[in-house]
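# Got a predicted structure here, sequence first:
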Amino acid sequence: DTEVTQTPKHLVMGMTNKKSLKCEQHMGHRAMYWYKQKAKKPPELMFVYSYEKLSINESVPSRFSPECPNSSLLNLHLHALQPEDSALYLCASSQDKGTRFNQPQHFGDGTRLSIL
Amino acid sequence: QKEVEQNSGPLSVPEGAIASLNCTYSDRGSQSFFWYRQYSGKSPELIMFIYSNGDKEDGRFTAQLNKASQYVSLLIRDSQPSDSATYLCALGGSQGNLIFGKGTKLSVKP
């Protein structure tokens, strides 16, 4: 069982829909991350939140909108997605971003997103 | 731009053997290194992390780091069919993020 919980596990949506992905952790971690993973590729970073503030936005299209309501929750709001956005979306958390040494990140089970 | 290189495999070893997975990286200043295991259709699972030169052991797993040669490896002793997965090497980025290699697919044959 993972300590990072993502919902939903699967999501099918049309290109005009609006939906949200949710991530929750209760490990007291202060850094949370969104990654996107296409089939047979490694995860690619989308966003980093540190102490509830957005610290990295890796040039992600505006149709993806992150939100961190509190230190335990991370949302990813989706709007007007394209078929190429179909992927596994992974949430991760770590104790903090780390200074000299990065802290290990723990991943949720992911949300498998399909855009019709 | 930090880069991480891994042989994509597949690496095939017989059950009970030692599997050796290797990773090289481009940024000599990198300080943090991670190994994740990912089963097909599942999310990455943290196996080991290492910060200092030398070996770090945890059960059947040993991570080895050589900063002078810019490589990190993962040894799996007494390999089991359940170890068959893709192993992702990652190094820590300057903003707390992980930079992944493309992964090595390991197959352990009974």
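That came through fine. Residues are numbered from 1 along each chain as shown, chains lettered A, B, ... in the order given.

# so which strand or helix has the residue positioned nearest the centre of chain A?
The centroid of chain A falls nearest to A:W34 when counting by C-alpha atoms, centre = their mean (2.7 Å). Assigned by DSSP states H and E, A:W34 belongs to strand A:31-37.

# repeat for A:D96
Using DSSP H and E, A:D96 sits in no helix or strand.

# That one touches A:P104, doesn't it?
No - the pair A:D96 and A:P104 fails to qualify as a contact (C-beta atoms under 8 Å) at a distance of 11.3 Å. For glycine as for every other residue, the C-beta is placed from the backbone atoms N, C-alpha and C.

# Out of those two, name the residue with the larger neighbour count.
Ranked by neighbour count (other C-beta atoms under 10 Å in any protein chain shown), A:D96 and A:P104 place A:P104 first, with 19 against 14.

# what about that one, distance to B:G103?
According to C-beta to C-beta, to the nearest Å, A:P104 stands 18 Å off from B:G103.

# Please apply the same query to B:P10.
The gap separating B:P10 from B:G103 is 11 Å, by C-beta to C-beta.

# which bits of chain A sit near chain B?
With C-beta under 8 Å from any C-beta of the partner chain as the criterion, chain A meets chain B at residues A:2, A:31, A:33, A:41-43, A:45, A:48, A:50, A:55-56, A:88, A:90, A:92, A:94, A:96-98, A:100-110.

# could you flag which of the residues you listed are buried?
Among the residues of chain A next to chain B, those classed as buried by 16 or more other C-beta atoms under 10 Å in any protein chain shown are A:31, A:33, A:42-43, A:45, A:48, A:50, A:56, A:88, A:90, A:92, A:94, A:97-98, A:102-110.

# And A:D1, what's its pLDDT?
We have a pLDDT of 50 for A:D1.

# now A:N102
Looking at A:N102, its pLDDT reads 88.

# Name the residues linked to the nearest residue to it once chain neighbours are set aside by a beta bridge.
Using C-beta to C-beta, 6 or more residues apart in numbering or on different chains and skipping the chain neighbours, the partner closest in space to A:N102 is B:G92 (2.8 Å). B:G92 has these beta-bridge partners by DSSP bridges: B:L98.
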